[in-house]
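Chemist: Below is the structure, and that's it, no one-letter string:
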């Protein structure tokens with residue numbers, strides 16, 4: 001259970017939990033608490049500080065660590081799994097947390113993707129033909145997109161630095 005603080009409400013002392021994630025102006029003036037990982041949520045930081053993120057609705061279910069493509073759905077920017085098998089679905093960000101279809105989540109355009117497995121430290125990594133996934137072998141089939149997405153800094157971590165994709169002819 002998270003630590004609480006004492007507040008005065010209607011002349012009485014009460015305990016309250018800090019706010020771990022901000023919903024915007026409705027949370028103005030609230031005391032901030034750390035998340036379960038011991039860090040501040042990017043949602044409580046002012047713009048320009050912390051990771052470069054955007055809040056987007058997922059058009060499909062996304063797993064933590066998925067590479068995503070930000071796309072235009074009739075004027076509404078949404079996120080979906082990036083896919084090297086389909087031109088137009090190049091990777092522009094990643095998600096740190098799972099997001100259900102139709103729900104809003106944070107897309108990170110910089111930083112490290114953790115919790116991965118099987119990477120070779122120092123290896124160049126690419127967008128895979130399995131939607132949302134990373135591969136250390138660039139795709140080779142006609143119509144596939146070769147897109148560098150970062151360098152493995154360990155067997156379980158990728159430094160995310162996406163490049164432009166090249167469609168194979």
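Modeler: Received, thanks. Small disclaimer: the values here were computed from a predicted structure and weren't measured.

Chemist: domains of the chain?
Modeler: Per automatic domain parsing, the structural domains of the chain span 1-47, 113-167.

Chemist: between those, which one is nearest to residue 104?
Modeler: Closest to residue 104 of those is domain 1-47 (CB to CB; 10.8 Å). Every C-beta, even on glycine, is put in place using the N, C-alpha and C of the backbone.

Chemist: Centre of the chain to the closest one, how far?
Modeler: 23 Å (CA atoms, centre = their mean, to the nearest Å).

Chemist: quick one: average pLDDT of it?
Modeler: Mean pLDDT, domain 1-47: 84.

Chemist: What's the local residue count around residue 62?
Modeler: 25 (other CB atoms under 10 Å).

Chemist: To clarify, my last question referred to residue 31.
Modeler: Neighbours of residue 31 using other CB under 10 Å come to 11.

Chemist: same thing with residue 57?
Modeler: The number of residues packed around residue 57, counting by other CB under 10 Å, is 15.

Chemist: what's the answer for residue 42, then?
Modeler: 19.

Chemist: Look up how far residue 33 lies from the closest residue to it other than its chain neighbours.
Modeler: Of all residues not flanking residue 42 in the chain, residue 50 sits nearest, at 4.8 Å (CB to CB, 6 or more residues apart in numbering). Distance, residue 50 to residue 33, using CB to CB, to the nearest Å: 16 Å.

Chemist: Those two: which is more packed in?
Modeler: Neighbour tally, residue 50 and residue 33, criterion other CB under 10 Å: the higher count belongs to residue 33, 18 against 15.

Chemist: So that one sits against residue 17, correct?
Modeler: Yes - Residue 33 is within contact range of residue 17, at 6.5 Å (criterion: CB atoms under 8 Å).
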